[in-house]
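Trainee: Sequence below, structure please.
(one chain, ligands or ions: 2)
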Amino acid sequence: MSKQQQSLFISDEAPWEADDQAQYQAAIVVLPEAPWGPYDYLTPDRLRGHVEVGRRVRVPLGRGNRTVNGYCVALENRVGDPGRLKEIRSVVDGEPLLSPSMVALTRWMADYYLCPLGQVLEAVVPAGVRGRAGTREVTLLHVPSEIAARLATLQLPEKQAAVLKLLAASERPLTPLQLAAAAECTLAPINGLRKKGYIKAQVRRMQHAEISETPTESEGHLSMTEDQERALNVVLGAMRAGRHETILMHGVTGSGKTEVYIRAIEETLRYGKQAIVLVPEISLTPQTRQRFRSRFENVALLHSHLSPAERHWHWQRIVRGEVQVVVGARSAVFAPTPRLGLIILDEEHDASFKQDAAPRYHARDVALQRAQMEKAPLVLGSATPSLESWRRAQEGAYRLIDMPRRVFDRPLPDVVALDLRTEWDSRRARGAISRQLQHAMEHALKEGGQVILLLNRRGFSTHIQCPSCGHVVRCQDCDIALTHHREAGRAICHYCDYQTPAPQRCPECGFEGIRYSGLGTERLEAEVRIRFPDFPCLRMDSDTMQKPGSHEAALARFRSGDVRILLGTQMIAKGLDFPNVTLVGVVNADTALHLPDFRAAERTFQLVTQVAGRTGRGDKGGRVLVQTFSPEHPAIQAALQHDYHRFASRELPNREEYGYPPYSSMVRLVVRGPVEAVVEGFSDTLAERISRLNEERGEPVRVLGPTAAPISKLRGKHRFHMLLLCADSALLRAMVQEATRELNPPDDVQWIADVDPLEML
Ligand code: ADP
Ligand code: ZN
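Mentor: Ligands and ions are numbered 1, 2, ... in the order given. The predicted structure follows:
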């Protein structure tokens, strides 16, 4: 009998009055796709206690009442008549997928990043967990105790008696196949016993893949430098106080930040809590793994090559509190640690922490939110902090720790600019490598050192143009010039991967002397092989590093000394710690300097500083040569001096003058569709809505655009964009939300809102 029915019988009030008093449970459910909800449902009595925040439920939707999955995000006990509230049909998950605090975090994300909660939930819970990858339903057999008690008195055929005896004696339940194997019989006697009720079956979901993590040799403790000691004490102070604090650890390359992280984590574990370490995907090298594995017993490494089953397996271990330290890229910020004690975000300036598909979250900001909710310290580490974080530290919102020295007081390498304008004038150098860089390489290699060359553009030639008619070979779907990849013999679009055989003559006018120009890593490699035939060289870029494991294999070859020259894109600029690298050459520091992006200078400074930090890590010291056409540019000048402070103090006033972040919040709206005029028309409509609201409110928002985006066509879609800037982030987001409410774009036109965008093209 349901509670409601009971109350009808025991109450002496009239039934309609009792109904008014009756309580029912409403479950607030959001759907993982449109229409997103939230919708209220009634928890039927039979599911009371099973419907829980963080579990998925199956609910009827729409007029046809088709059944869909949704997430229960809240429960409310309400008084009165549930009216026409539809009932939940069943519960999907045996355990909540998300703790209440993680549900709160997803609500914050949905609100902050202006996207549906269901979409956030789908991003937070990995697909492998939702689909219970690597698990299956198993039937487990046992003998009920009342049967076991009178086992000797039962009259059974011989086979059945043997089976029953065996199962009753077993310490744990067995599957039918296990039991048949143990009893050396077919399934027939087992089924016979089940029919008689002598054997009971239970269906359970079990994980079948256990992943063996290879243990590594443990690494001894290093004795800490003074700077490390100081930094650690700040973190420990916050931890002991049991409160949230964000600590920006500005430590030059090679200052030993990782050792500080490790010590802080050790302390976290002493409190019985867990730690999350976030690193850029590219830094999840064997070296990083080794470092954490050797210092902690139970580490979960979450990288992009995990199968759904492996992801699920880690997730379950993390939920059960069996993992001490989670190390992973961006999405590891959602690791369901039951008692989170510390979050560390290394290389906090790295753009890979921002997701470029909805929900367009930044792991740093999500980590901050989570750390605040769970009262845990957050450590942001970098040699080149983002100006956003730097400004917050200046304002006192973050605690700043400086680690200005390398361990063992090793000097930072000498960084020298090579002015390509004069090199070019002398007409001595026709390739990528200037005379001076060539000499420095010869010297370093002769002394037994290793060389790193950075060129942040892949392919062979970056430009294919007809000198007769001027035609530039472009992607058919994007407004992008194709890059020639010589090994593949193809011209490739770096945005959509459109490919065509490399043309021998102009596709426009048929002229035979079509010209390939512009420098990519493939051409650089060819040049290095010709100039240094005696020294093995290896190229690392996304073309050569496609297979899982190739990154590790390449770094292992470089570490072993087999490879003497490592060249590649920004992939090689980060985190690598090879003591034998005595020379770094930046082949062209200007590749990002002139992009239409207000962060162009910041990106350039970060890239040059980071790659320069790859040398001088051993006793032999190191040098850096930076080839550039703009040696006087402030970003390059600051990088030559390893002077972050100088860079920040030059760049921040620029940002302030133009009202760019960190002096404002930004939302970027992008509209795309197949017909240019329609896209433009719709972006005008959107802009008008924004402007109207803006006027009503006294123009707190600066509106730039709409205009065609720098990449005006991508994958066959025309693109327009608009930048909105405002000192008050909440106000800005509220306005975008209001302006886009019930906004119906024409067919085939889509729009997105990117909050705190990093991508401007
Ligand atoms: P960062 O991350 O700040 O660039 P790392 O943490 O990679 O620096 O440290 C640079 C190198 O110095 C590593 O090889 C590390 O093992 C070593 N190292 C760090 N701390 C110490 C220490 N206290 N004593 C000796 N070597 C150290
Ligand atoms: Zn393309």
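
Trainee: okay, now residue 552: neighbour count?
Mentor: Using other Cβ atoms under 10 Å, residue 552 has 15 other residues around it. Using the backbone N, CA and C atoms, a C-beta is placed for each residue, glycine as well.

Trainee: The residue lying closest to it once chain neighbours are set aside and residue 559, how far apart?
Mentor: Spatially, and ignoring its direct neighbours in sequence, residue 552 is nearest to residue 286 (5.2 Å; Cβ to Cβ, 6 or more residues apart in numbering). Separation of residue 286 from residue 559 (Cβ to Cβ, to the nearest Å): 9 Å.

Trainee: now the residue in the stretch 601-750 of the chain that ligand 2 sits nearest to, nearest residue through space, not along the chain?
Mentor: Closest residue of the stretch 601-750 of the chain to ligand 2, Cβ to the ion: residue 715 (6.3 Å). Spatial nearest neighbour of residue 715, chain neighbours left out: residue 496 (4.6 Å); criterion: Cβ to Cβ, 6+ apart.

Trainee: so is that neighbour in a helix, a strand, or just coil?
Mentor: coil (DSSP: H, G, I helix; E, B strand; the rest coil).

Trainee: For residue 356, see how far away it is.
Mentor: 14 Å.

Trainee: if you count what's nearby, which of those two comes out ahead?
Mentor: A count of neighbours by other Cβ under 10 Å puts residue 496 above the other of residue 496 and residue 356, at 16 against 11.

Trainee: What confidence value was assigned to the more buried one?
Mentor: The per-residue pLDDT reported for residue 496 equals 90.

Trainee: before we move on, what SS does the residue of the stretch 451-600 of the chain found nearest ligand 1 have?
Mentor: Here the stretch 451-600 of the chain gets closest to ligand 1 at one residue, residue 577, 4.8 Å apart by Cβ to the nearest ligand atom. At residue 577 the chain is in coil, as set by three-state DSSP.

Trainee: Please report the distance of the residue of the stretch 601-750 of the chain closest to ligand 2 from ligand 1.
Mentor: Distance of residue 715 to ligand 1, given as Cβ to the nearest ligand atom, to the nearest Å: 38 Å.

Trainee: centroid residue for the protein?
Mentor: residue 330 (2.6 Å; Cα atoms, centre = their mean).

Trainee: so residue 559 touches residue 578, yeah?
Mentor: Yes - using Cβ atoms under 8 Å, residue 559 is in contact with residue 578, at 6.3 Å.

Trainee: who does residue 205 bridge with?
Mentor: residue 137 (DSSP bridges).

Trainee: gap between it and ligand 2?
Mentor: Separation of residue 205 from ligand 2 (Cβ to the ion, to the nearest Å): 44 Å.

Trainee: who's in contact with that residue?
Mentor: Taking Cβ atoms under 8 Å, 6 or more residues apart in numbering, we find residue 205 in contact with 94, 132, 135-138.

Trainee: go on, residue 400?
Mentor: Residue 400 touches 247-248, 250, 393-394, counting by Cβ under 8 Å, 6+ apart.
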